[in-house]
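J.: All I have is the shape, not the residue letters:
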């Protein structure tokens, strides 16, 4: 039998290599985007509208459109997702309904983003006749991030110790009072974390907005939720694949802004989660 | 005067028959000690009095628990729990300030007047023998108090909603002897205004504090009598065995 | 607020909570229904078998040829390639992070993986276009680097955070007693991992792999930008292909609402929905079986 220690050394080395194979390229990607995108970033790039068919000017409408879409998505997803999480954490019992709900959440989380786009097209754009609009796009994105909100909110609610609920109920408070005054306030950091992660996800998605809201070039900024909008992910897609002769700097610059936005949101969420864990009062 | 009238009480958690045919009266303004080994059903018993067992989805009950001649199942559960308060085994402050802990129940009933709340909070803390120690730091987190203080806070919190009955479920299990003594003194004072049911694993505490004592074993009420008589001349052999420490 | 007013308000709130609780079921059903509504219309014109196994996808020809077999093969090829790359590397990385990495490095590595998971797919597609595609072209002396291989590599990359984090969870939940028992008998750390922990965590790792693959099958933007969009049966891994997802994304903009092409794209959506449903439900079963 071969020397087991030698086998271990080889195995561990290979595993280390495997890890490097994942982690190093990530770092490289971020570095490349920063290195090549940063030169494009200046005040004009961020606040100007595109000019010359996207070959010059800025990406402000895309940034604004993304902000609108993400805001709309969370307005839709947070109340429903939070209440659904409250149901799962505080009211549901271990029965078939509960398992079906859990299965449904797992599936919503796994539906391909382009299928969400199809769904959004069929129901919001066509059936409800909202047309390609911020409304359609936000609703589609909202449904897409619903599983994220539900899952993270439910975990936050479940982490509140059961003893608090018992005490509150034993004093004669009602179930809802207990949830509203004791459980929810102490779950807010976790809920916030999940919400921001959901926002980050919504900001970066392209396929759901392809048919429901996104336009490549709009002459004016959107004035109502029934207007179309530009969006960062879609913008990056188009200038990378469909517009020839765009300055490399602008492409990387757009990628940089999108990446920075998404990573910033993830960072904020992680910081909240970290500070909350340290500061927990019980 | 009878406060609780319990007739043929049977409780199941799932398939487990946890309380078997319990019949007893609890008298107003008495301290009733409930003793017995672990898993004898003592905690289940007192949790039936304020319907805290309802929180368990496997809970099933037959028989009648009457509070002032009214079946507790017929009383609105929130009103019932206001009338029958509970102090738990471990000090369990809510994640709020000292003041807000005591004010919690009052607020939940809709009292909004700041002055009234402040008066009630002070009153409750005084009855719980905690006022002097915390009056200058009411806005601090309740978790900053010592274990014994936290338990007295929990008592004050229960008193603040002006109950008629207070259930103590092994309230001194986590406390040092001095804090224990303070809690026991509080209980004796409180019986003037309230009816007290004390579940305890500490037989000597039961003897010190209770007017009457009930002995539970394996879900059955074996014996219920004046404390003096139960401890000096118990009727049942098993009571005698438990009190002497022969098992438990 | 009086007591009875409060009770009424609470009753309403609790009903709302119940409704929202069922919301996820409602939306899954709704999505499936709308897909069916538009996609089943195709099967009035064409048989499902011809749709699934037809070898030609020429939606704009007259009459349109709507066979998705090339697209299925495209998706399969890219997914298989991604799986071959990502499973060993992903599981290997999970083992490293869970068992071998020192504590501080562990945190850094986990952060790195989370970072990768957060990068939007269009950004990865863009980077793939400008770095990976030219590389593949040069290395293999191809007329274009937009190939299934490029897609596989990039998608492997995108699947790895899922595989790593779920597999790592699975390893982490193996009871410590298993590990300690083996070590106490004199096994090396690696032997313990290989013979005790991996088998014990196998259903979780399997779930991790399935969810990773599920992610790959559903990926749209990165494949659109890297695999070349040739809707023909691929002869090798070094040629352009077209996946099911990319087809929808690329052609929906041009399909006339209510045309056969339009219905066909929805029919592809049904196929994708069913595949992802099957994968996710099975993976979930594996994840909860061991609990």
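T.: It's in. Small disclaimer: the values here were computed from a predicted structure and weren't measured.
J.: Residue 90 in helix, strand or coil?
T.: No chain was given, so I picked chain A. With DSSP: H, G, I helix; E, B strand; the rest coil as the basis, residue A:90 sits in helix.
J.: Please refer instead to chain C.
T.: State at residue C:90, reduced to three classes by three-state DSSP: helix.
J.: what's the distance between it and chain B?
T.: To chain B, residue C:90 is 40 Å away according to C-beta to the nearest C-beta, to the nearest Å. All C-beta spots, glycine's among them, are computed from the backbone N, C-alpha and C.
J.: Give me the number of neighbouring residues for that residue.
T.: Using other C-beta atoms under 10 Å in any protein chain shown, residue C:90 is surrounded by 31 other residues.
J.: Look up the closest residue to it, ignoring the ones flanking it.
T.: Take residue C:90 and drop its neighbours on the chain: the residue closest to it by C-beta to C-beta, 6 or more residues apart in numbering or on different chains is residue C:163, 3.4 Å away.
J.: Count the neighbours of the residue in the stretch 151-282 of chain A positioned nearest to chain C for me.
T.: For the stretch 151-282 of chain A and chain C, the shortest gap (C-beta to the nearest C-beta) falls at residue A:204, measuring 2.9 Å. Around residue A:204 sit 25 other residues, with neighbours defined as other C-beta under 10 Å.
J.: Could you find the closest non-adjacent residue to it?
T.: Excluding the flanking residues, the one nearest residue A:204 by C-beta to C-beta, 6+ apart is residue C:120, at 2.9 Å.
J.: Return the residues in contact with that neighbour.
T.: Contacts for residue C:120 were tallied using C-beta atoms under 8 Å, 6 or more residues apart in numbering or on different chains; they are A:203-206, A:233, A:258-259, A:262.
J.: Can you list the low-confidence ranges for the chain?
T.: As the question left the chain open, I've gone with chain A. Regions of chain A meeting the criterion pLDDT under 70 cover residues A:1-2, A:281-282.
J.: actually it's chain C I care about, not the one you picked
T.: C:1-2, C:290-291.
J.: Same check on chain B?
T.: Judged by pLDDT under 70, the stretches of chain B that qualify are B:248.
J.: mind listing the helices for it?
T.: For chain B, applying DSSP state H gives helices covering B:42-49, B:77-83, B:98-108, B:114-127, B:131-134, B:147-159, B:177-190, B:203-209, B:227-232, B:237-243.
J.: Show me the one of these that comes nearest residue A:74.
T.: Smallest distance to residue A:74 across the helices of chain B (C-beta to C-beta): 30.8 Å, for helix B:98-108.
J.: In chain A, where's the longest helix?
T.: Under DSSP H, chain A gives helix A:4-37 as its longest helix.
J.: near chain C, anything from that one?
T.: Yes: against chain C, helix A:4-37 shows contacts by C-beta under 8 Å from any C-beta of the partner chain at A:4-5, A:7-8, A:11-12, A:14-16, A:18-19, A:21-23, A:25-27, A:29-30, A:32-33.
J.: residues making contact with the helix or strand following that helix?
T.: Counting by DSSP states H and E, the next helix or strand C-terminal to helix A:4-37 is helix A:43-47. The contact list for helix A:43-47 (C-beta under 8 Å, 6+ apart) reads A:57-60, A:63, A:250, A:253, A:257.
J.: redo that, cut-off 7 Å
T.: For helix A:43-47, the external contacting residues (C-beta atoms under 7 Å, 6 or more residues apart in numbering or on different chains) are A:58-60, A:63, A:253.
J.: give me the number of residues near the residue nearest to residue C:270 when sequence neighbours are not counted?
T.: Counting by C-beta to C-beta, 6+ apart, residue C:39 is the residue found nearest to residue C:270 once chain neighbours are left out, at 4.5 Å. Using other C-beta under 10 Å, residue C:39 has 23 neighbouring residues.
J.: And residue C:39, how close does it get to residue C:15?
T.: 35 Å (C-beta to C-beta, to the nearest Å).
J.: and if you look at residue A:74?
T.: Using C-beta to C-beta, residue A:74 is found at 24 Å from residue C:15.
J.: higher neighbour count, these two?
T.: Legend: neighbour count by other C-beta under 10 Å for residue A:74 and residue C:15, higher for residue A:74 (21 against 10).
J.: quick one: contacts for that one?
T.: A:195, A:198-199.
J.: Neighbours of residue 221, how many?
T.: As the question left the chain open, I've gone with chain A. By the criterion of other C-beta under 10 Å, residue A:221 has 14 neighbours.
J.: that's the wrong chain, I wanted chain B
T.: By other C-beta under 10 Å, the residues close to residue B:221 number 22.
J.: returning to what we had before: give the helix, strand or coil label for the residue nearest to residue C:90.
T.: Per three-state DSSP, residue C:163 ends up helix.
J.: Is there any residue in the helix or strand hosting residue A:148 that contacts chain B?
T.: Assigned by DSSP H and E, residue A:148 belongs to helix A:134-158. No: applying C-beta under 7 Å from any C-beta of the partner chain, one finds helix A:134-158 separated from chain B by no less than 14.2 Å.
J.: Determine how far that helix lies from the middle of the whole chain.
T.: Taking C-alpha atoms, centre = their mean, to the nearest Å, one finds helix A:134-158 lying 9 Å from the centre of the chain it belongs to.
J.: After that helix, which helix or strand is next? Please name it.
T.: Sequence order places helix A:162-170 as the next helix or strand after helix A:134-158, per DSSP H and E.
J.: quick check: angle from that next one to helix B:98-108?
T.: Angle, helix A:162-170 to helix B:98-108, by axes from the mean of the first three to the mean of the last three C-alpha atoms, to 10 degrees: 50 degrees.
J.: Contacts for the helix or strand that helix A:162-170 is followed by, please.
T.: Downstream of helix A:162-170, the first helix or strand assigned by DSSP H and E is helix A:175-178. With contacts defined as C-beta under 7 Å, 6+ apart, helix A:175-178 is touched by A:165, A:168-169, B:108, C:10, C:13-14.
J.: Report the central residue of the chain.
T.: All of this is about chain A. Nearest to the mean C-alpha position of chain A, by C-alpha atoms, centre = their mean, lies residue A:201 at 1.9 Å.
J.: I was thinking of chain B, sorry if that wasn't clear
T.: For chain B, the residue nearest the mean C-alpha position is residue B:167 (1.5 Å; C-alpha atoms, centre = their mean).
J.: If anything else comes up later, I'll come back, but that's it for now.
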